[in-house]
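> this is the structure alone, sequence omitted:
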């Protein structure tokens, strides 16, 4: 095992979890800044060529975990925690895809943040996917979206 160390902290408009968009149809369009610790800035060389980034981060204000989660996106139906984005996980690690807007030295200006202000960032990787969109499946979330669409038409 290893002990993760933050490489950066993210600055976002979200001071409380209740203000982060959640649920079906939630749009993650908020902008933020990922501020790398100075000793890690050389690791950003050539990052400007990527449009999107994976950001691995820590749910640093989450305590404990549940193996069964009740996400608001599915009328509180139970799902295994590994089939959700719940913060209450055995290892409190978050993953977000953000759009890279620009780099200013050790600062990455991004769009699509969904974490609290001051959240520690564990790693950043360029977003790469060889999976075609038509091959992707959305599991229980697709079913919840269908139920919501039917409910909206009635």
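Structure's in. What do you need? Source: prediction; values computed, not measured.

> CA only for contacts and neighbour counts going forward, please
OK.

> from the opening residue of stretch 71-90 to its closing one, how far?
17 Å (CA to CA, to the nearest Å).

> brain fart, stretch 76-85
Taking CA to CA as the criterion, the two ends of stretch 76-85 lie 13 Å apart.

> so which residues make contact with that stretch?
Stretch 76-85 has contacts (CA atoms under 8 Å, 6 or more residues apart in numbering) with 66, 67, 68, 69, 70, 71, 88, 89, 94.

> show me the beta-bridge partners of the residue nearest the centre of the chain.
The centre of the chain sits closest to residue 96, judged by CA atoms, centre = their mean, with a distance of 2.6 Å. Beta-bridge partners for residue 96, by DSSP bridges, are residue 55.

> is it true that it touches residue 56?
Yes - in this structure, residue 96 is within contact of residue 56 by CA atoms under 8 Å, at 6.7 Å.

> so what's residue 24 up against?
Residues in contact with residue 24 (CA under 8 Å, 6+ apart) are 73, 74, 144, 145.

> again, only using 7 Å
73, 145 (CA atoms under 7 Å, 6 or more residues apart in numbering).

> helix or strand for it, which one?
Under DSSP states H and E, no helix or strand contains residue 24.

> next one: it from residue 12, what distance?
22 Å.

> do the same with residue 79
From residue 79 over to residue 12 the distance is 29 Å, taken as CA to CA.

> which one's more surrounded, these two?
Set residue 79 next to residue 12 and count neighbours by other CA atoms under 10 Å: residue 12 wins out with 21 against 15.

> gap between the worst-scoring helix or strand of the chain on mean pLDDT and the chain center?
Least confident helix or strand of the chain, by mean pLDDT, DSSP states H and E, is helix 139-153 with a mean of 79. Computed by CA atoms, centre = their mean, to the nearest Å, the chain-centroid distance of helix 139-153 equals 22 Å.

> and if you look at stretch 17-26?
With CA atoms, centre = their mean, you get 12 Å for stretch 17-26.

> ok, now stretch 134-153?
On CA atoms, centre = their mean, the centre of stretch 134-153 falls 20 Å from that of its chain.

> residue 57 contacts residue 96, correct?
No - the criterion here is CA atoms under 7 Å, and residue 57 misses it with residue 96 at 8.1 Å.

> in the protein, which spans are strands?
8-11, 31-36, 52-58, 68-69, 79-80, 93-104, 107-111, 119-126 (DSSP state E).
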